[in-house]
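Peer 1: For reference, the sequence and a predicted model appear below.
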Amino acid sequence: MIGALPPNATIGLVGGGQLGRMSALAAARLGYRCHILTREEDSPAAQVSHAVTISDYADPASLRAFAAAVDVISFEFENVSAEGLDLLASLKPVRPAPSVLRISQDRIAEKSFLNNTGVATAPWRVVETLAELEAAVAELGLPSVLKTTRLGYDGKGQAMLRSPGNLAPAFERLSPKPLILEGFVDFAREISVVIARGADGSVSAFDTVENQHRDHILDITLAPARITAEVDQAAQRIARDVVAALDLVGLLAVEMFVDRDGRVLANEIAPRPHNSGHWTIDACPMSQFEAHIRAIAGLPLPPAVRHSDAVMKNLVGPHEAALWPAIVASPGLIPHHYGKAEAHPGRKIGHVTRLFPRGALPGAFGIKAALGVLG
Ligand code: AMP
């Protein structure tokens, strides 16, 4: 373990999206420079960073030049090839370690790891052929969810199976194989925990939050989640167990389901800042982005204090992008724009946060009213 990075050190971030942008802004407050590696011209992260390398994530010459220019490497985008990760790790400290990314990149590795760590998930089966899918459906029942093992996000790469006629078309459509079949969880709530862990093993966990999706994309996060103390403790325990078992240095989000019996089941882990942690920028003295930078830079990790309750709403696609002038004219809405030139359907272009005194998070109607033009 090297010591804490001094101010003016350079942090290399792989990926140029909004998570990199908000990480770079947090890094700047701590006196660090960020160097972004991205395929994209004019990316959200590069717009606010010290330097950028524009290249494919697999090009060895670019990876070498990037590594040479930075003091430590982290990610906002995890799908870098195994060879690329190994090359980077041979040149500079990579946090979290490539072994962690290999687990989160692959649903089979991820679910095996979770179950081996004693963390419950929906029941699941690996499916390589249509015959195996039929056998898995016979075991897990319908409805169930068929997913690709790699590169799935925001509901891409998955299909809900509701009737026997859905099996063959879904199996043909989804690739690459193998796939996994998951039993359907009739969840009462979706929740998540974002947790940072330093190289010395210290952890700092943000409060458990509640997530509401629309068209498979996160729409609203409520902080704190409206859950019992028992569910909260179970969720926080899972987050702590997962980062300890991974020996993670950096930040990790755990997405979970709470089923109708109050059981907490892990769905996904992401070893990076997470959309369900954006509220921390406005409702916590140290945001998830600052916690990420502190963890990878070797700075102390203070407790993840929340001074306010919060509602975070994503701005997705052209319709919500068009509301921007009204959003910035609304006194209670804290605006965050990602600097993207185009607002394609389904694309996240920003988010807003609305704060409430602790304990004063309103119910559904109050939240709708509080979001004003976005309600
Ligand atoms: P994922 O890509 O695994 O994060 O799934 C995206 C969303 O699909 C989740 O946030 C849930 O809303 C839904 N989903 C995924 N897996 C299941 C499941 N096994 N049962 C019920 N809903 C699911």
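Peer 2: Ah, there it is.

Peer 1: got the residue ranges for the helices in the chain?
Peer 2: Assigned by DSSP state H, the chain shows helices spanning 18-29, 60-68, 82-91, 98-104, 107-116, 130-140, 167-173, 229-246, 280-283, 288-297, 317-321, 324-328, 364-370.

Peer 1: which residue ranges form the strands in the stretch 151-300 of the chain?
Peer 2: 158-161, 179-183, 187-197, 203-205, 209-214, 217-223, 250-259, 264-270 (DSSP state E, counting those that start in this stretch).

Peer 1: Nearest to the ligand, out of these?
Peer 2: Between the ligand and the strands of the stretch 151-300 of the chain, the shortest gap by CB to the nearest ligand atom is with strand 179-183, which sits at 3.9 Å. Every C-beta, even on glycine, is put in place using the N, C-alpha and C of the backbone.

Peer 1: The closest one: which residues count as buried?
Peer 2: Residues of strand 179-183 classed as buried: 179, 180, 181, 182, 183 (neighbour count, 16 or more other CB atoms under 10 Å).

Peer 1: Could you list the domains of the chain?
Peer 2: 10-94, 123-183, 187-374 (automatic domain parsing).

Peer 1: what about these, which gets the closest to the ligand?
Peer 2: Nearest of the domains of the chain (CB to the nearest ligand atom): domain 123-183, 3.9 Å.

Peer 1: Now tabulate the domains of the chain in a markdown table and tack on distance to the ligand.
Peer 2: Listed next are the domains of the chain as a markdown table, based on distance: least, CB to the nearest ligand atom, whole Å:
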| stretch | distance to the ligand |
| --- | --- |
| domain 10-94 | 14 |
| domain 123-183 | 4 |
| domain 187-374 | 5 |
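
Peer 1: can you redo those domains as JSON lines with mean pLDDT?
Peer 2: Formatted as JSON lines, the domains of the chain follow (pLDDT from 0 to 100):
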{"stretch": "domain 10-94", "mean pLDDT": "96"}
{"stretch": "domain 123-183", "mean pLDDT": "93"}
{"stretch": "domain 187-374", "mean pLDDT": "97"}
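
Peer 1: Give me the contacts around stretch 229-241.
Peer 2: For stretch 229-241, contacts defined as CB atoms under 8 Å, 6 or more residues apart in numbering pick out 117-119, 191, 193-195, 203, 205, 208, 224-225, 227, 252, 254, 256, 258, 262, 264, 266.

Peer 1: Contacts only, for residue 115.
Peer 2: Listed by CB under 8 Å, 6+ apart, the contact set of residue 115 reads residue 121.

Peer 1: and it, how far is that from residue 244?
Peer 2: The gap separating residue 115 from residue 244 is 16 Å, by CB to CB, to the nearest Å.

Peer 1: Could you do residue 136 as well?
Peer 2: Residue 136 is 31 Å from residue 244, by CB to CB.

Peer 1: neighbour count winner among these two?
Peer 2: residue 136 (24 against 13; other CB atoms under 10 Å).

Peer 1: Tell me which residue lies nearest the centroid of the chain.
Peer 2: Closest residue to the average C-alpha location of the chain: residue 274 at 3.0 Å, with CA atoms, centre = their mean.

Peer 1: Confirm for me that that one is in contact with residue 196.
Peer 2: No. When contacts are counted by CB atoms under 8 Å, residue 274 is not listed as touching residue 196 (11.6 Å).

Peer 1: Please enumerate the shared neighbours of those two.
Peer 2: 251, 288.

Peer 1: what's the nearest residue to residue 369 if we skip its chain neighbours?
Peer 2: Leaving aside its chain neighbours, residue 369 sits nearest to residue 375 (6.0 Å; criterion: CB to CB, 6 or more residues apart in numbering).

Peer 1: Looking at the buried residues of strand 179-183, spot the one nearest residue 219.
Peer 2: The closest of the buried residues of strand 179-183 to residue 219 turns out to be residue 182 (CB to CB; 21.9 Å).

Peer 1: Among the contacts of stretch 229-241, name the buried ones.
Peer 2: For the contacts of stretch 229-241, a burial check counting by 16+ other CB under 10 Å picks out 119, 191, 193-195, 203, 205, 208, 224-225, 227, 252, 254, 256, 258, 264, 266.

Peer 1: Backbone dihedrals for the residue nearest to the centre of the chain, please?
Peer 2: Backbone torsions for residue 274, taken as degrees, to the nearest 10, come to phi -130, psi 150.
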